[in-house]
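give the three-dimensional model of this entry:
(one chain, ligands or ions: 1)
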Amino acid sequence: MTDTLPKIELHLHLEGAAPPAFIRGLAAEKKMDISGIFDARGNYSYIDFWHFLKVYEAATETLKTPGDYHRLTRAVLEESAASGVIYCETFLSPDFCGGRDVGAWQEYLHAIREAAEEAERQDGIVLRGIVTPIRHFGPEKAKETAICAAETAGDWIVGFGLAGDEKIGKPKDFAWAFDAAREAGLRLTCHAGEWGGPDSVRDAIRDLGVERIGHGVRAIEDLALVDELAEHGTVLEVCPGSNIALGLYPGWRQHPVGRLFDRGVKVTISTDDPPFFHTTMAREYERLADAFDWDAGVFATIARTSAEAAFCDPATKDTILKKLESAHA
Ligand SMILES: [Zn+2]
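Numbers count the residues shown, from 1 in each chain. All right, here's what the predicted structure looks like:
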């Protein structure tokens, strides 16, 4: 039932979506030994979230040039399109793409956009970018990243976010970067309420003025906050498979996404770093249908919420909404 549904993904880290075989191939070409990050079956291997961040960074070490990112983007979008994704927003970090140098970043971005256009011609999938500093690299580097974002803000770079280790620093440390991004016309999101509790969600909304929250699921620990999110229409980029793989919840039935949805919060569904969490968008939908008895009507609501929460321009949004309507007609 869920396989054929058109899907919209708003929370996807480009490097985190790299198929392991693709990264192994790149490492072999460059004669780099990164065998330690894979298990015996060739999947990414890590013991907890903090080790996952290290493995993630080791995998990104193989991605050295705009050409590598061109190939990465094609490989990722091929997987997404196979899962029925019609529109996707991906987090991009100038930290990994050109070391936060504006000129180098523009070259990486050009390569990524070119690959996205090829994928759109081939599979109809549409991609947009959200520039994302890495929280544990600190606020000073985030300022440089914000400058890269502001310089390239427009119809393709549409948002600004914050990823990385939620336990390091406070959202307000990044206020300068978020203000610069907002002034450049970028829409805002921030990872919170994954490793931090409900207060981390409140801090991100109050101190950074974000309209979407990456994860945000731990808001469920404070029902007054859940009601505020519902009332203000704050959108949660929920990634259930990621949360379960990282041990935040013991299983799909225990995941709060069902309760958040039932209480009126604008919930969207994404994969975060799919091969790291042994998931795909198709698999997320399948598991959610099983765990919460969600039918096509619920998934249609989620897809529409996602399209409305997308950071793209109105014309692109209109096209996606029409595609959804005709699929659910
Ligand atoms: Zn994420």
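
low-confidence regions, the protein specifically.
1, 329 (pLDDT under 70).

residue boundaries of the strands in it?
7-13, 85-92, 126-131, 157-160, 187-192, 212-215, 235-238, 266-269 (DSSP state E).

adding distance to V201 and mean neighbour count, write the ones you listed out as TSV.
(Glycine included, C-beta is placed from N, CA and C.) Listed next are the strands of the chain as TSV, based on distance: least, C-beta to C-beta, whole Å; neighbours: other C-beta atoms under 10 Å:
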stretch	distance to V201	mean neighbour count
strand 7-13	15	27
strand 85-92	18	26
strand 126-131	18	24
strand 157-160	18	26
strand 187-192	5	26
strand 212-215	6	27
strand 235-238	9	27
strand 266-269	14	24
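
quick one: the helices in this structure, in order.
20-29, 49-60, 66-82, 102-123, 139-152, 175-183, 198-208, 223-232, 240-245, 257-262, 281-292, 296-309, 314-328 (DSSP state H).

highest mean neighbour count out of those?
Counting by mean count of other C-beta atoms under 10 Å, helix 240-245 has the highest mean neighbour count of the helices of the chain, with a mean of 23.

could you say what helices and strands that one packs with?
helix 281-292 (3 or more C-beta pairs under 8 Å, 6 or more residues apart in numbering; DSSP states H and E).

give me that answer again for 10 Å
Under the contact definition 3 or more C-beta pairs under 10 Å, 6 or more residues apart in numbering; DSSP states H and E, helix 240-245 sits against helix 49-60, strand 212-215, helix 257-262, helix 281-292.

how far away from the center of its chain is it?
In this view, helix 240-245 has its centroid 13 Å away from the chain centroid, taken as C-alpha atoms, centre = their mean, to the nearest Å.

stretch 178-195 too?
Distance, centroid of stretch 178-195 to centroid of chain: 13 Å (C-alpha atoms, centre = their mean).

what's the end-to-end length of that stretch?
21 Å (C-alpha to C-alpha, to the nearest Å).
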